[in-house]
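Trainee: No letters, just coordinates:
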C-alpha cells in the first residue's frame, strides 16, 4: 500500500489500484512505530480518523457499521460468552461493542502495536469508549499469531479478528495455520469471525479467505456490508463455527438487549446481509 | 455539486461533503450541453467513465451492480412486460438489461440530453451494447417529466427512473407530482422503480424519497447495494407497485432465464438486499 498522500489543499487520501478515497482535513500525527506507519487526522466529514501504512482504518463518525457487523452476529449466537478474544482492534471499537454484553466475563485484546492503542485512546476516545476502563478488558500488547498458538485448547467462546489487510503485520491472520489454531482454542458452541476484505477491491483475497475458513471449520459464511473509507466501500466479514452455522441465527433475547443501541445491526439487517451474496461470488463459492 | 477536479497528476475526482472519490486517468471529453457539463474519461481501473456536472455516473467496468439492481427486481416481477418506460438512462445500460427479456415488445427511453446518448454511444459502447440497434428501443430526446404528464393512463407495464441526483435536470424526478403521474400511467400489475440515492451520503433525501413513494403507491421498499464511484459507495433503489409489493418476489421462470447473465443480481441477492435495511433507516421508516 502507498503512504497516505497529503496535499497542500488539505486532502488525505488512500490510493488503491488507480482509485483514491480522500477526506478533507489535517494531519495530527504521522509517525512510524516498530510495526507500521500510523497517521491520525482530523476530518470535516467523519471527525478524527486513523490510517495504518496509508490505509484508512476507522474514523469517529464512520465506525459503527464495521464494528457492529463484526461483533453482533458472533456474540448474539455463541452458546456462551464468558471468554472473548479480540485479535487486533487497537482502536477499541470491537471491544466496546463486545462489552455491551453482560455475559462477557473476560475479554483478551491482543494488539501487536501499543502505539495504535495509545494514539486511539488519546485522539479517538469515543471509539473505545467505556471499554478502556472496563475491568473485564485485559489488554495484551503481543503478537496475535503467537497468542493463539500458545493458548489452551477450548479456552474461548468467541474469537474476533479485527486486523488490517493481509500485508504488513496482519499477513499471518489470513492463513491455514492461524485459522486452525483459532479452531483449536474455540470452545464447543463457540463462534469465530474475521474481517474478510472487499468482494470488489480484494476479490480473490476475499474468495480465498472464505474458502479456507470453510475448509478448516466446516461451516463459514461471508456477510456483506459497507465501510465507505475502505477500498470500494463494499466490505465483508466471515463467520465460522465448529458445530453448525449457529451464527446465522441471533438468539432473540440477546438481540433484543443489544438492538436499540445499534445504528446498523439488527437481526433483520444481519439476515439480509448474509443473503446478499453477489452472483459472481456465489458461483465461485459453490 | 462541484465540477470534477482534474489534477496534473491525472486524477479525476468527485467532491462531496469533504470526501473525494477519484480515478486515475485522462479526460477525453469535457463540454457543456444545454443541460449540464458532460465529462468522459479513460481510467486505469474501470475503463471509460462518465461524469455529469462533476458527479460520477457510470464506467465500463463498474456499471453492472447499478443497472442489474434497478432493472431485474422490476422486470422479474411485473405482471406483463409488453411496454417499458425508462426515464433518463442515456448511457444505455438500463435499456440493455431490459431488452434481455423477450417479453418486452416496446421500450421508450426518454432522455433529455441527446449529447449524453451520443457520447455514450461513441465512448462507452459496451454499456448500451445491443440495445442501441434493437428495433424495440424507441429513443425520445425529450423531458421525462413532460413525457409522463402527457402519457395515456395505464400505458406502461414497468417504469424505471435512471436519473442523476435531485439537483439540475433530475430535480423534478423526486417529487409528488412526478410519482403521481408515474402511478397513473402504470398498468395494473405494473412496477415502478427509481434510483433513490445513498442512505449514508444523502440520508434525508433517501428517507424522504421512500416515504413519498410509499404515500403515492401504497407499497414501496428500498433495496440496498453498492456503486463504489457514488458518494459513500452505498446506494439504494426503491420499488413500488399499486396492487401489492409484487417486486419482492421474482417470478422463477423469468429469473432463471436472466440469472446466468448477471454479475450481481440473483433472486437470493435481491431478497437479501431488500432485507438489509440498516437499523437507523428502519426506525425512521416505521
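Mentor: Cool, the structure landed. Just so it is clear, the model here is predicted, and its values are computed rather than measured.

Trainee: Can you read off the pLDDT for residue A:34?
Mentor: Note on residue A:34: pLDDT of 97.

Trainee: How about the residues of the stretch 51-200 of chain A by chain B?
Mentor: A:65, A:200 (C-beta under 8 Å from any C-beta of the partner chain). Every C-beta, even on glycine, is put in place using the N, C-alpha and C of the backbone.

Trainee: Let's see that with 7 Å instead.
Mentor: Along the stretch 51-200 of chain A, the residues adjacent to chain B under the rule C-beta under 7 Å from any C-beta of the partner chain are residue A:200.

Trainee: quick one: the helices in the stretch 51-200 of chain A?
Mentor: For the stretch 51-200 of chain A, applying DSSP state H, counting those that start in this stretch gives helices covering A:64-75, A:93-98, A:114-123, A:125-128, A:144-150, A:176-185.

Trainee: Save these as a markdown table, and put in mean pLDDT, distance to residue A:260 and mean neighbour count too.
Mentor: Putting these into a markdown table (pLDDT from 0 to 100; distance: least, C-beta to C-beta, whole Å; neighbours: other C-beta atoms under 10 Å in any protein chain shown) gives the following:
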| stretch | mean pLDDT | distance to residue A:260 | mean neighbour count |
| --- | --- | --- | --- |
| helix A:64-75 | 98 | 12 | 26 |
| helix A:93-98 | 98 | 14 | 28 |
| helix A:114-123 | 98 | 26 | 18 |
| helix A:125-128 | 98 | 19 | 19 |
| helix A:144-150 | 97 | 32 | 18 |
| helix A:176-185 | 97 | 31 | 19 |
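
Trainee: So which residue is smack in the middle of chain A?
Mentor: Nearest to the mean C-alpha position of chain A, counting by C-alpha atoms, centre = their mean, stands residue A:162 at 3.1 Å.

Trainee: re the thing from before, out of the helices of the stretch 51-200 of chain A, flag the one nearest residue B:65.
Mentor: The closest of the helices of the stretch 51-200 of chain A to residue B:65 is helix A:64-75. By C-beta to C-beta, the value is 18.3 Å.

Trainee: helices or strands next to the closest one in the packing?
Mentor: Applying 3 or more C-beta pairs under 7 Å, 6 or more residues apart in numbering or on different chains; DSSP states H and E, one finds that helix A:64-75 makes contact with helix A:93-98, strand A:156-162, strand A:186-195, strand A:219-226, strand A:234-241.

Trainee: Distance to residue B:57 added to these, as TSV?
Mentor: Below are those laid out as TSV (distance: least, C-beta to C-beta, whole Å):
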stretch	distance to residue B:57
helix A:93-98	34
strand A:156-162	35
strand A:186-195	31
strand A:219-226	20
strand A:234-241	19
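
Trainee: Can you say which of the helices of the stretch 51-200 of chain A is nearest to residue B:100?
Mentor: With C-beta to C-beta, the closest approach to residue B:100 among the helices of the stretch 51-200 of chain A belongs to helix A:64-75: 33.5 Å.

Trainee: Check the gap between residue A:95 and chain B for me.
Mentor: Residue A:95 is 21 Å from chain B, where distance means C-beta to the nearest C-beta, to the nearest Å.

Trainee: whoops, I mixed them up, residue A:169
Mentor: Counting by C-beta to the nearest C-beta - residue A:169 and chain B are separated by 26 Å.

Trainee: what number of residues lie near that residue?
Mentor: Per other C-beta atoms under 10 Å in any protein chain shown, the neighbour tally for residue A:169 reads 21.

Trainee: Which pLDDT value goes with it?
Mentor: At residue A:169, pLDDT is 71.

Trainee: I'd guessed it sits against residue A:35; true?
Mentor: Yes. Proximity of residue A:169 to residue A:35 meets the contact threshold set by C-beta atoms under 7 Å, at 4.8 Å.

Trainee: one step back: let me have the helices of the stretch 51-200 of chain A in CSV, extended by distance to residue B:133.
Mentor: Converted to CSV, the helices of the stretch 51-200 of chain A look like this (distance: least, C-beta to C-beta, whole Å):
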stretch, distance to residue B:133
helix A:64-75, 43
helix A:93-98, 53
helix A:114-123, 57
helix A:125-128, 54
helix A:144-150, 57
helix A:176-185, 51
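
Trainee: nearest to residue A:239, of the ones you listed?
Mentor: Across these, residue A:239 has its closest neighbour in helix A:64-75 (5.7 Å, C-beta to C-beta).

Trainee: State the distance from the spatially closest residue to residue A:265 that is not a sequence neighbour to residue A:43.
Mentor: Excluding its sequence neighbours, the residue lying closest to residue A:265 (C-beta to C-beta, 6 or more residues apart in numbering or on different chains) is residue A:68, at 3.9 Å. For residue A:68, the distance to residue A:43 (C-beta to C-beta, to the nearest Å) stands at 21 Å.

Trainee: before we move on, what about residue A:213?
Mentor: For residue A:213, the distance to residue A:43 - C-beta to C-beta - is 34 Å.

Trainee: And for residue A:79?
Mentor: Distance from residue A:79 to residue A:43, counting by C-beta to C-beta: 41 Å.

Trainee: Please apply the same query to residue A:52.
Mentor: 16 Å.

Trainee: what are the ranges of the strands in the stretch 1-150 of chain A?
Mentor: Assigned by DSSP state E, counting those that start in this stretch, the stretch 1-150 of chain A shows strands spanning A:5-6, A:11-16, A:19-32, A:37-43, A:47-52, A:55-59, A:83-88, A:106-110, A:137-140.

Trainee: Domains in chain A, by residue range?
Mentor: A:5-59, A:64-285 (automatic domain parsing).

Trainee: List just the one of those domains that sits closest to residue B:273.
Mentor: Closest approach to residue B:273 among the domains of chain A (C-beta to C-beta): domain A:64-285, 4.8 Å.

Trainee: Kindly check the end-to-end length of that closest one for me.
Mentor: 28 Å (C-alpha to C-alpha, to the nearest Å).

Trainee: And for stretch A:160-179?
Mentor: Terminal residues of stretch A:160-179 lie 11 Å apart, using C-alpha to C-alpha.

Trainee: Need the contact partners of that stretch.
Mentor: A:1, A:35-36, A:52-53, A:55, A:57, A:70-71, A:74, A:86-89, A:94, A:112-113, A:144-145, A:148, A:193-195, A:197, A:205, A:209, A:212-213, A:216 (C-beta atoms under 7 Å, 6 or more residues apart in numbering or on different chains).

Trainee: ok, 8 Å please
Mentor: A:1, A:35-36, A:52-53, A:55, A:57, A:70-71, A:74, A:84-89, A:94, A:98, A:112-113, A:144-145, A:148, A:182, A:192-195, A:197, A:202, A:205, A:209, A:212-213, A:215-217 (C-beta atoms under 8 Å, 6 or more residues apart in numbering or on different chains).
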